[in-house]
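*Asks:* What shape does this take:
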Amino acid sequence: IAFQAKQLKNIDRLHSKQEWFCHRGILIYYGKNESDKRLGPPSYYDSRCQYQNQRASLSLRFRNENLNKLDIIGMIITLIDNAGLIQSHEQVTYIPIHDCNTKINIYLLYRDRPKDTTKNYTIR
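*Replies:* Numbers count the residues shown, from 1 in each chain. The predicted model follows:
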């Protein structure tokens, strides 16, 4: 992909573009109209990635004691509310010969912003 740098002709245009700066991601311009798009992490939201989404954090570490080195284990980890609605999910693939004693950090985002404090949540 080739990118072409352009010098802005008007300093006012520069300031107007900076107003839409993405705090936690990358602001890109694309197309003939130079439309802007923000590429930010899912844990941040809103038009400028200025708000942090609430999330449940989970750290896992597996030890290879009784597994064959050629086994592959796939897991789907979900954050579920008390009504049974899946709020978030993450897929993890564990390969003992490669991932033994590797720490896996998982961040499961709540669907509601802010999270609904009237609900109870479970990680499965």
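*Asks:* switch to C-alpha atoms for all contacts and neighbour counts from now on
*Replies:* Fine.
*Asks:* domains of the chain?
*Replies:* Domain segmentation of the chain under automatic domain parsing yields 11-45, 54-123.
*Asks:* ok, which stretches of the chain are helices?
*Replies:* Assigned by DSSP state H, the helices in the chain fall at 11-18, 96-99.
*Asks:* Surely S57 and I106 touch.
*Replies:* Yes: if you go by CA atoms under 8 Å, S57 and I106 touch, sitting 5.8 Å apart.
*Asks:* If you average pLDDT over each of the helices of the chain, which is lowest?
*Replies:* Here the helices of the chain differ in mean pLDDT, and the lowest is helix 11-18 at a mean of 50.
*Asks:* can you pull the pLDDT of the one residue sitting closest to the centre of the chain?
*Replies:* Centroid-nearest residue in the chain: P42, 3.3 Å away (criterion: CA atoms, centre = their mean). On pLDDT, P42 comes in at 73.
*Asks:* measure it to L58 for me?
*Replies:* According to CA to CA, to the nearest Å, P42 stands 16 Å off from L58.
*Asks:* Strands along this protein, start to end?
*Replies:* With DSSP state E applied, the chain shows strands at 26-30, 35-39, 44-45, 51-52, 55-61, 73-81, 86-94, 103-109, 121-123, listed in chain order.
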